[in-house]
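Visitor: model the structure of this input:
(one chain, ligands or ions: 2)
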Amino acid sequence: MSSAEHTTKVYPPPASIVQGAHVSGMEAYRKLCAEAEADYEGYWARLAREFVVWKKPFTKVLNASDAPFYKWFEDGTLNVSYNCLDRNVEEGRGDKVAIIFEADDGQVTRVTYRELLEKTCRMANGLRELGVKKGDRVVIYMPMSVEGVVAMQACARIGATHSVVFGGFSAQSLRDRIEDAGAVMVITADEQMRGGKQLPLKAIVDEAIGLGGCDSVRHVVVYRRTGGQIAWTSRDRWLHELVDKQPSTCEPEWVEAEHPLFLLYTSGSTGKPKGVQHSSGGYLLHATLTTKWTFDLKPDDVFWCTADIGWVTGHTYITYGPLANGATEIVFEGVPTYPDAGRFWKMIQQHKATIFYTAPTAIRSLIKAAEANPSTHPRHYDLGSLRILGSVGEPINPAAWEWYHEHVGGGRCPIVDTWWQTETGGHMITPLPGATPLVPGSCTLPFPGIMAAIVDETGQDVPNGHGGILVIKKPWPSMIRTIWGDPERFKKSYYPAELKGYYLAGDGASRDAERGYFTITGRIDDVLNVSGHRMGTMEIESALVSHTELVAEAAVVGRPDETTGEAIVAFVVLKRPRPTGEEAKQIANELRNWVAKEIGPIAKPKDIRFGDNLPKTRSGKIMRRLLRSIAKGEAITQDTSTLENPAILEQLAQTN
Ligand code: ATP
Ligand code: MG
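Guide: Ligands and ions are numbered 1, 2, ... in the order given. Below you'll find the predicted structure:
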């Protein structure tokens, strides 16, 4: 049961993009897929030789002898920072701008590849001076900054494994991650600037270490961002004092392909955070390749990924992928709503961004903001530089897709709706802008070489036109290697016995009968069964949000129900102030009828609750597991440490 009107609208790639695209036309796409089908290892080996500079070339491609602990290119050695920096300088791009950094207050700094290399070498030398060596873990708790990217690159240069913790996480979350990783160092800043406010970072590091369990930490290195007051201990070192005296060259540590480049704790929208471990060689390959193909990246592009380096998107599409391709990219310190909700559009205009990659949650909130305050609408800015738009993090509902396409992309820019996960390292299912006809709300087809499929609970293929469990049938180079310190949990979570060795993504999906296009329907446990009808929560959310006049955002969960098995509960944020009493009842009724018309009476939410907001992770994802508890009327006993706005839980728990 899908709303047919959404799936019939097709946007073929514009001729101007098809021409000269890295993957030009569906024929070219199919040819790559066929190459991977015919000789899977040969395909990846070819790309690994083309896209990565190896110190010692690999002779082995895939080692599956200890599956699911796969190894790729295992006898090759490389250095990731060499690939991102030195390579560009050696190939004549030393004076090209690598990073256009825009601070919260609008101040702009440009850093060339040569300068970025020198900064990285200095920091790498500084880390070595403090005794950090290959295999040590370094936690990075930094604002969006050139220094944040440099810290990651410096770790990569000396073979230290970084674990970036988003600067919005609490002392407790930070402590848990420092302890789990056994970090020898934390790199942080005195404070960060967000939306005109100074927010503490170093004080939170002190608090985290004070909570205990962080004895592994020998040094805290502090980047001076604001000059605000901070406490000082004997383990603390100023970054500038450490690096200023260092030489500007630093011999890279050549590591094996499987050497862990980083750990990244997932955002926790479904449970206790896990330390996802990534490799050096396979990860870098996919980061480089997907940045080039998915965004059709060209030498003159100005690439802007709005993610924070604390998320995997910031790792792959800020710190590694664009730099490995020698691109010019924007790094933004601030927030999209400061000084007003036109900030993104203003920055695109000013820096002539050509590729813009953001999250549906940002788009939806900017739509809402533009309606509340029309002067922030993208139409007031010249966005003519844009060629390609991207979306990541959640399914993008067709209404938001259409707005993004029309008002940001001027109707001419393909939108790449990229499905992937922290665990996958890079894009898995995504359109390629010069090849794939787009269907709003669908992430379309697998990236060439990624064997994505939909199966049932026993691992049997499900025919197109039906929904099921999203799996990846073959290992791929940038896949998660293990959960740090917990190989058993890795096996259990991602390679359950009943799935015949397929990677379990944890998402539900369907493929349409006509094109075989994938649509993500939500997490597996977000599939509802109402009177025997199976529905994805996403579908109902999408229907609610398509009431563009009333609804800004919606989240749908199930609750056990005596008569229907499960009942649908919808949490809705309106474009007007939160209604109560009679008004709430009336609007709830209107929305119920709307859903009935859009999908069918069976999809009518039984209960609709209005909130000023929804409970979200700090990366902007709705935490449905908390909503499930609220819908059932349970007290919340789960981990809420990664929640952005805890106060909202109480409001939603009240029945209107
Ligand atoms: P945790 O695994 O800790 O619960 P998380 O899954 O939210 O956190 P991420 O790895 O950042 O952390 O997100 C991956 C998930 O985001 C995917 O499994 C999927 O549910 C969702 N997602 C990402 N991109 C898309 C997309 N383009 N379309 C639909 N869903 C997407
Ligand atoms: Mg996940």
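Visitor: isn't Gly532 right up against Glu566?
Guide: No - taking Cβ atoms under 8 Å as the definition, Gly532 is not a contact partner of Glu566, at 10.2 Å. Heads up, the C-betas are built off the backbone N, CA and C, glycines and all.
Visitor: of these two, who's got more company?
Guide: Neighbour count, other Cβ atoms under 10 Å: between Gly532 and Glu566, Glu566 has more, with 19 against 8.
Visitor: Lys119 against Val111, yeah?
Guide: Yes - using Cβ under 8 Å, Lys119 is in contact with Val111, at 7.5 Å.
Visitor: shared neighbours of the two, anything?
Guide: Here Lys119 and Val111 share the contacting residues Val146, scored by Cβ atoms under 8 Å, 6 or more residues apart in numbering.
Visitor: now do the same contact list for Arg237.
Guide: Leu130, His219, Val220, Val221, Val222.
Visitor: identify the residues contacting the first one.
Guide: The neighbourhood of Leu130, defined by Cβ under 8 Å, 6+ apart, consists of Met185, Arg218, His219, Val221, Arg237, Leu242.
Visitor: filter the residues you listed to the buried ones?
Guide: Met185, His219, Val221, Arg237, Leu242 (16 or more other Cβ atoms under 10 Å).
Visitor: which of those residues sits closest to Leu261?
Guide: Met185 (16.4 Å; Cβ to Cβ).
Visitor: for that closest one, give the beta-bridge partners.
Guide: Val138, His219 (DSSP bridges).
Visitor: correct me, but it touches Leu127?
Guide: Yes - with contact defined as Cβ under 8 Å, Met185 counts as touching Leu127 (7.2 Å).
Visitor: between these two, what contacts are shared?
Guide: Val138, Val221.
Visitor: quick one, helices of the stretch 201-350 of the chain?
Guide: 202-210, 239-243, 281-294, 312-314, 321-324, 343-351 (DSSP state H, counting those that start in this stretch).
Visitor: closest one to ligand 1 among those helices?
Guide: For ligand 1, the closest of the helices of the stretch 201-350 of the chain is helix 312-314, at 5.7 Å, according to Cβ to the nearest ligand atom.
Visitor: how far does the closest one sit from its chain's centre?
Guide: 5 Å (Cα atoms, centre = their mean, to the nearest Å).
Visitor: buried residues in it?
Guide: Buried, per 16+ other Cβ under 10 Å, within helix 312-314: Val312, Thr313, Gly314.
Visitor: of the contacts of Leu130, just say which sits nearest to ligand 1.
Guide: Met185 (24.9 Å).
Visitor: give the contact list for that closest one.
Guide: Leu127, Leu130, Val132, Asp136, Val138, Val139, Val217, Arg218, His219, Val220, Val221.
Visitor: sorry, back to before: and the furthest pair within the contacts of Leu130?
Guide: The widest separation within the contacts of Leu130 (Cβ to Cβ) is 13.4 Å, between Arg218 and Leu242.
Visitor: for the residue nearest the centre of the chain, which non-adjacent residue is spatially closest?
Guide: Closest residue to the average C-alpha location of the chain: Thr313 at 3.6 Å, with Cα atoms, centre = their mean. Residue nearest to Thr313 in three dimensions, not counting chain neighbours: Ala307, with 3.6 Å by Cβ to Cβ, 6 or more residues apart in numbering.
Visitor: ok, Cys121 next?
Guide: Using Cβ to Cβ, 6+ apart, the closest residue to Cys121 is Cys250 (3.7 Å).
Visitor: how far away is the one you found from ligand 1?
Guide: Separation of Cys250 from ligand 1 (Cβ to the nearest ligand atom, to the nearest Å) stands at 32 Å.
Visitor: and that residue, how many neighbours?
Guide: Neighbour number of Cys250 under other Cβ under 10 Å is 22.
Visitor: the one 5 residues further on now?
Guide: Val255 is flanked by 24 other residues according to other Cβ under 10 Å.
Visitor: run a quick neighbour tally on Asn593.
Guide: Asn593, neighbours per other Cβ under 10 Å, totals 12.
Visitor: mean pLDDT added to the helices of the stretch 201-350 of the chain, as JSON lines?
Guide: Conversion of the helices of the stretch 201-350 of the chain to JSON lines gives the following (pLDDT from 0 to 100):
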{"stretch": "helix 202-210", "mean pLDDT": "98"}
{"stretch": "helix 239-243", "mean pLDDT": "98"}
{"stretch": "helix 281-294", "mean pLDDT": "99"}
{"stretch": "helix 312-314", "mean pLDDT": "97"}
{"stretch": "helix 321-324", "mean pLDDT": "98"}
{"stretch": "helix 343-351", "mean pLDDT": "98"}
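Visitor: want to throw these into CSV with distance to ligand 1?
Guide: Shown next, in CSV, are these (distance: least, Cβ to the nearest ligand atom, whole Å):
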stretch, distance to ligand 1
helix 202-210, 20
helix 239-243, 28
helix 281-294, 11
helix 312-314, 6
helix 321-324, 16
helix 343-351, 19
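Visitor: what does the stretch 301-450 of the chain put close to ligand 1?
Guide: Val312, Ser391, Val392, Gly393, Glu394, Pro395, Asp417, Thr418, Trp419, Gln421, Thr422, Cys443 (Cβ under 6 Å from any ligand atom).
Visitor: and the fifth one, what element?
Guide: Following DSSP states H and E, there is no helix or strand that holds Glu394.
Visitor: ok, for it, nearest residue in space, not its chain neighbours?
Guide: Per Cβ to Cβ, 6+ apart, closest to Glu394 is Pro360, 4.9 Å.
Visitor: near ligand 1, which residues of this structure are found?
Guide: So the chain meets ligand 1 at 266-270, 312, 391-395, 417-419, 421-422, 443, 505-507, 520, 523, 621 (Cβ under 6 Å from any ligand atom).
Visitor: would you map the strands across the stretch 501-650 of the chain?
Guide: Along the stretch 501-650 of the chain, the segments classed as strands by DSSP state E, counting those that start in this stretch run 503-511, 518-523, 527-530, 533-536, 551-561, 565-574, 607-610.
Visitor: columns mean pLDDT on top of these, output as JSON lines?
Guide: Shown next, in JSON lines, are the strands of the stretch 501-650 of the chain (pLDDT from 0 to 100):
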{"stretch": "strand 503-511", "mean pLDDT": "95"}
{"stretch": "strand 518-523", "mean pLDDT": "89"}
{"stretch": "strand 527-530", "mean pLDDT": "82"}
{"stretch": "strand 533-536", "mean pLDDT": "79"}
{"stretch": "strand 551-561", "mean pLDDT": "93"}
{"stretch": "strand 565-574", "mean pLDDT": "94"}
{"stretch": "strand 607-610", "mean pLDDT": "94"}
